[in-house]
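Engineer: Have a look at this prediction, sequence included:
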Amino acid sequence: MDIITGNVGWIEVICGPMFSGKSEELIRRLRRSMIARKRVEVFKPIIDDRYSALEIVSHGDLRMTSQVVNNAGEIMDQLDWRSEVVGIDEANFMGPQLVDVAQRLADSGKQVIVAGLDTDYLGRPFPPIPELLAYAESITKTLAICVRCGNPAKHTQRLRGSEDLIVVGAAELYEPRCRRCFEPGIPKQAEMDFVKARQAQKTDHREESRPRIHTGIRGTEEEV
């Protein structure tokens, strides 16, 4: 985006599916601000503890220490108002207050950089990102690679589990897919494959745990 000079704040939004580099781009921008000797603060939701409880972490394992909040409202309580740049990761877990919080921070002259999903596992707009886009000065749309066909992926496919809107997970639960390969909701085949895999694991475990007795003949044994 064009450089904004003077004591003017603004909002930048980085959005896209999982595995598209959103957190990586957020960390890159925050590090550039640090190199420029700006005061930077970073926030993440407490619910996101997949890789670290006290850091924002990209899927490529880039890390940056952050403060943890239950919701967007707590950002205002924890913020050091001398900070010039405020980074917010996993915006979808922050709640609807995030839009007002980002606006207030930008109006006070701060650079606000927000990263989050723009659509949910059903392919619908995922609050609060859609509303935040309307207020942002800069929008970056990131794309992943579809694991099925290799085309650019804009969707996050949930593979199994709950039908709740928010379910925290990584590669074991989600994968990026393109418009053509995306199946809104949880694919039946993926769920069936998961059940079969679990059943196979249980069978293997039972086989390994069955007691065996030696017959006295070298190299032979019988199951009880």
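Structural biologist: Everything's here; your move.

Engineer: tell me which residues in stretch 145-161 are buried?
Structural biologist: Buried residues in stretch 145-161, counted by 16 or more other C-beta atoms under 10 Å: Cys146, Ala153, Lys154, His155, Thr156, Gln157, Arg158, Leu159, Arg160. Backbone N, C-alpha and C define where each C-beta goes, glycine included.

Engineer: now, the most widely separated pair of these?
Structural biologist: Lys154 and Arg160 (21.2 Å; C-beta to C-beta).

Engineer: Low-confidence stretches in this structure?
Structural biologist: Within the chain, the stretches with pLDDT under 70 are 1-6, 50-54, 59-60, 164-171, 189-224.

Engineer: so where do the helices sit in it?
Structural biologist: 22-35, 73-78, 97-107, 129-135, 188-209 (DSSP state H).

Engineer: Would you map the strands across the chain?
Structural biologist: 10-15, 40-45, 55-57, 63-65, 67-69, 85-88, 111-116, 138-141, 144-145, 152-153, 155-158, 174-177, 212-214, 221-223 (DSSP state E).

Engineer: what lines up beside the third one in the sheet?
Structural biologist: The reference is to strand 55-57. In the sheet, strand 55-57 lines up against strand 63-65 (antiparallel) (DSSP bridges).

Engineer: Please spell out which residues along the strand it pairs with are buried.
Structural biologist: In strand 63-65, counting by 16+ other C-beta under 10 Å, buried: Met64.

Engineer: what's that strand in contact with?
Structural biologist: Ile27, Leu30, Arg31, Val42, Ser52, Leu54, Glu55, Ile56, Val57, Gly87 (C-beta atoms under 8 Å, 6 or more residues apart in numbering).

Engineer: so how far is it from its chain's centroid?
Structural biologist: Remark: strand 63-65 is offset 15 Å from the chain centroid, using C-alpha atoms, centre = their mean, to the nearest Å.

Engineer: Can you name the residues that contact Asn7?
Structural biologist: Gly109.

Engineer: and if you look at Glu41?
Structural biologist: Neighbours of Glu41 in contact, by C-beta under 8 Å, 6+ apart: Gln67, Leu79, Asp80, Ser83, Val85, Val86, Gly87.

Engineer: now do 10 Å
Structural biologist: Contact analysis of Glu41 by C-beta atoms under 10 Å, 6 or more residues apart in numbering lists 30, 66-67, 75, 78-88, 110.

Engineer: Tell me the bridge partners for it.
Structural biologist: Assigned bridge partners for Glu41, using DSSP bridges, are Val86.

Engineer: before we move on, what about Arg63?
Structural biologist: Val57.

Engineer: and stretch 139-158, how far apart are its ends?
Structural biologist: Using C-alpha to C-alpha, to the nearest Å, one end of stretch 139-158 lies 25 Å from the other.
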